[in-house]
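[1] can you look at this prediction? I've put the sequence above it.
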Amino acid sequence: MATQHPTVLLVDDEKANLRLLSDLLREDANIVLAQSGGQAVEKAVKLLPDLILLDIMMPDMDGFDTLRTLRSIPMTQSIPVIFITGLDNPEKEQQGLRLGAQDYIHKPFNAEVVRARIATQLEIVSQRQQLQQLSVDLTHASEAKSRFLANMSHEIRTPLTSIIGYAEAIQAGEIGADEHDQAMQAISTSGKHLLTLLNDILDLSKVEAGKLVIELQAVNLHELLEEVEALVRGPAQQKGLDFRVSIQAQTPERFLADPLRLKQILVNLIGNSIKFTHQGSVSLEVSAEGSHLSFAIRDTGIGIEQDQLDKLFAPFEQGHESIGRQYGGTGLGLSISQQLAARMDGHIEVSSKVGKGSCFTLVTALYPATAESEEPEQPAPMAAKSSFRGKVLLAEDSADSRHLLSKILQSRGLEVKAVENGQQMLEAAMGEEFDLILSDINMPVMDGLQAIKLLRAVGVHSPVIALTANVLEQDVRKYLQAGFTDHLAKPVNRQRFNQVLATYLKQDSSGEELSLPNEELRKLKDRFIGGLPDHLAALQTAFRKNNRHELEMLAHKLRGTAALFQFKQLSDTAARIEKNLQSRSLPETLQELTHQIESLVTSSHGQ
Amino acid sequence: MQYSEMTALIVDDDSDVRAFLRSTLRSLFGCNLMEASSGDVALSLYDKNKVDLVFLDIQMPGKSGLAILNELKELDQQVKVIMVSAHGTMENVSQAVNQGARGFILKPFHMQKIKAMVEKVHGNRETAH
């Protein structure tokens, strides 16, 4: 039921009836009176009552005519109408119902009956209104999500443009060697920004559920602002906007904050300002007042209409529908920013004038940095680069990632075997012992999860690290349960990568290949070569007798044993026979094998 | 248990492979060794002796490695078998695992691999220096 009193329009030419009904209903509804059909229509259009009680017998325009008129006007056509009649005439009642009346009340009035019938009609009205509102809400939500998806691609496209653009310019030689560092920096920054965006989307549900963790640490204001500036300077310059940062004198240089989240809010607010400003400037002014820090972002942009200001911080909303199309953006930024600010004991204020510009101010609690909160200086990634010894198996289906990771691993002095899927990983790990295995999760043929279970089942106990984009806690738990030793999130963070290598690889590992003493190996080889003529004779007999099965067995055996003693050519030829039993080239291949064996036997005798 | 007191049974129809494994295991662990060129010999050797570890070729004429694995399991539920094969088709690997093989290694052999596998399967994980 609506919380407000419903409005009921009473229509009767007799004042006594109006008075009687008013008295009956006064407690439950706002009463409006009309003494003729014409007056009733006029008031119904003006006030849109929730229910109309309409007398049938009236001079000039009777109840039926009045109802016909009400039903012909779009605004009033769905207002429920209850007829009041003294007649006990079923035909007239039917006529009224056909015209669209909802019910009848008979004179003389029985108070309880009148109240009950009116309550029923009002209940129906209220339920209908709720349904209509729900329908509007659902449509709105669905439209907002569609808009969000459409705008998302824009938001992703912007940093991608910078990444692809710089990369291609370098390839084409359009960027001189002296500018390479700057270009690489831009690529790396944009890539990281994309990652942040992705995290934003994933975070949205967390933020909304209030599950986002704010991690306070000592922050250097100048460093933080430099990082923010590095992200927004490019876009501002591209639009020919002046971007200025100013810090008021009393602002402390160090304080406690979550640098990641603080940067996220500032980049978002400044990014918005740049987006909606076509000429002039965007400025950031940092100041401290008492126990609060304030970051004011002023622009000379298009401004925001007053009635849109309230909706700005709702998720998926942008000032106007057309804004999303024209300016892009996820419509999530302000919502996330506002909620993040709240988690930092702060808020975001906004003031704006259409055509003049806007000012967004982030106000957060100022927590002074204490001596203990000093972050230990993180060693620079390059300094942390150390050499390892050992063999690493890398399974990754993306050729680029495989290549990149192989390069990094090799640069650390590691021997790398790179494969493309879980099955190849399994085969490699069953053949050789690796000091460390890095495995992607999503791979064709056999994925990482299937592979790890088999790996562990076949007795491979090397540490296996899951390389994965799924960093949700429950996913990681699943990987560890399946047998992975640890996990590394993709894209791989250098520092964490170094940590993993340092944890699972011995830096001082002697790592020497075990092998049999030369003398012993020599004897075994001679033995093998000595048996080759017999083996060849058996192969030729099987071929003559056309015994394919025997031929396959013998070739298979020869392939394995030849490989064991590192006679690769012989092993390959045997493999060709094994695989091409039906081929016409079989006699030739067999001939080739014969030559190879003969020459092995001859050179062995010659020694 | 010391590796030198361990007894390993090598089952392979190829005498060259047996010789290679024999030399490798002796050089790595100095353990006692027995050899069989067929399933029936292997089963009878296992039954009559105290064998700690079996290297079992998967592809042999007559009784296949997987069939021998089954019969070994019937003799002794706790048997420790490492399957040996020139190629690890997934059917073979899955089946061997399902039948209770403790390990699977592919030819050509790497000594490091054999060492790690024996250490793992034999249950003695002390790091060798």
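    That came in fine, so what should we check first?

[2] shaky segments in chain B?
    B:1, B:88, B:124-129 (pLDDT under 70).

[3] isn't A:Asn442 up against A:Gln450?
    No - in this structure A:Asn442 lies outside contact range of A:Gln450 using C-beta atoms under 8 Å: 11.4 Å. For the C-beta atoms, the positions are set from N, CA and C on the backbone; glycine is no exception.

[4] and the two? which has more neighbours close in?
    The neighbour comparison of A:Asn442 against A:Gln450 (other C-beta atoms under 10 Å in any protein chain shown) goes to A:Gln450, with 17 against 14.

[5] I'd say the more buried one and A:Gly422 touch.
    Yes - judged on C-beta under 8 Å, A:Gln450 makes contact with A:Gly422 at a distance of 5.9 Å.

[6] which residue ranges form the strands in chain B?
    Taking DSSP state E as the criterion, chain B carries its strands at B:7-11, B:32-36, B:53-57, B:81-85, B:103-106.

[7] can you list the neighbours in contact with the last one?
    So the one you mean is strand B:103-106. With C-beta atoms under 8 Å, 6 or more residues apart in numbering or on different chains as the test, strand B:103-106 has contacts from A:427, A:430-431, A:458-459, B:81-88, B:93, B:96-97, B:113-114, B:117, B:120-121.

[8] cool, stretch A:572-585 as well?
    The contact list for stretch A:572-585 (C-beta under 8 Å, 6+ apart) reads A:539, A:548, A:551-552, A:555-556, A:558-559, A:562, A:586, A:589-590, A:592-593, A:596.

[9] can you rerun that using 10 Å?
    The contact list for stretch A:572-585, computed with C-beta atoms under 10 Å, 6 or more residues apart in numbering or on different chains, reads A:535, A:539, A:543, A:548-549, A:551-563, A:567, A:586, A:588-597, B:86-87.

[10] also stretch A:592-599?
    By C-beta under 10 Å, 6+ apart, the residues outside stretch A:592-599 that reach it are A:529, A:532-533, A:535-536, A:539-540, A:555, A:558, A:562, A:567, A:569-570, A:572-574, A:576-577, A:585.

[11] buried residues in that stretch, which are they?
    Residues of stretch A:592-599 classed as buried by neighbour count (16 or more other C-beta atoms under 10 Å in any protein chain shown): A:592-593, A:596-597.

[12] can I get it in PDB? Just the C-alpha atoms.
    Provided in PDB are the C-alpha atoms of stretch A:592-599 (Å, rounded to 0.1, in the frame of the first residue of the first chain):
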ATOM      1  CA  GLU A 592      67.600 -45.700 -45.200                       C
ATOM      2  CA  LEU A 593      67.600 -47.500 -41.900                       C
ATOM      3  CA  THR A 594      69.700 -50.300 -43.200                       C
ATOM      4  CA  HIS A 595      72.300 -47.800 -44.400                       C
ATOM      5  CA  GLN A 596      72.300 -46.000 -41.000                       C
ATOM      6  CA  ILE A 597      72.700 -49.300 -39.100                       C
ATOM      7  CA  GLU A 598      75.500 -50.500 -41.400                       C
ATOM      8  CA  SER A 599      77.400 -47.300 -41.000                       C
END
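
[13] for the record, mean pLDDT for that stretch?
    For stretch A:592-599, mean pLDDT is 89.

[14] now do stretch A:389-401
    pLDDT averaged over stretch A:389-401 gives 87.

[15] how far away is the residue nearest to the spatial centre of chain B from A:Gly531?
    By C-alpha atoms, centre = their mean, the mean C-alpha position of chain B lies nearest to B:Phe55, the distance being 1.2 Å. Separation of B:Phe55 from A:Gly531 (C-beta to C-beta, to the nearest Å): 20 Å.

[16] now do B:Ala8
    To A:Gly531, B:Ala8 is 23 Å away according to C-beta to C-beta.

[17] before we move on, the earlier item: distance to A:Ser72 added to the strands of chain B, as a markdown table?
    Below are the strands of chain B laid out as a markdown table (distance: least, C-beta to C-beta, whole Å):
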| stretch | distance to A:Ser72 |
| --- | --- |
| strand B:7-11 | 97 |
| strand B:32-36 | 102 |
| strand B:53-57 | 93 |
| strand B:81-85 | 88 |
| strand B:103-106 | 85 |
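
[18] so how far is the helix or strand where A:Ala574 lies from its chain's centroid?
    Assigned by DSSP states H and E, A:Ala574 belongs to helix A:568-579. Mean C-alpha position of helix A:568-579 versus that of the full chain (C-alpha atoms, centre = their mean, to the nearest Å) differs by 50 Å.

[19] with A:Val392 as the reference, measure out to A:Asp440.
    A:Asp440 is 14 Å from A:Val392, by C-beta to C-beta.

[20] what sits against residue 29?
    By default, I'm working from chain A. Under the criterion of C-beta under 10 Å, 6+ apart, the contact partners of A:Ala29 comprise A:5-10, A:22, A:49-51, A:118-119, A:122.

[21] meant chain B actually
    B:Phe29 makes contacts with B:2-6, B:8, B:53, B:114-115, B:118-119, B:122, B:128, as judged by C-beta under 10 Å, 6+ apart.

[22] rerun at 7 Å
    Contact analysis of B:Phe29 by C-beta atoms under 7 Å, 6 or more residues apart in numbering or on different chains lists B:3-4, B:6, B:118.

[23] what's the answer for A:Glu432, then?
    Going by C-beta under 7 Å, 6+ apart, the list of residues near A:Glu432 reads B:110, B:113.

[24] quick one: A:Lys568 and A:Ala562, what's the gap?
    From A:Lys568 to A:Ala562 the distance is 8 Å (C-beta to C-beta).

[25] actually, A:Ser439.
    Separation of A:Ser439 from A:Ala562 (C-beta to C-beta): 31 Å.

[26] again, but for A:Pro235
    63 Å.

[27] who has more neighbours, the two?
    The neighbour comparison of A:Pro235 against A:Ala562 (other C-beta under 10 Å) goes to A:Ala562, with 26 against 17.

[28] so which bits of the host helix or strand of the more buried one are buried?
    For A:Ala562, the element it lies in under DSSP H and E is helix A:548-564. Residues A:550-564 are the ones in helix A:548-564 that count as buried (16+ other C-beta under 10 Å).
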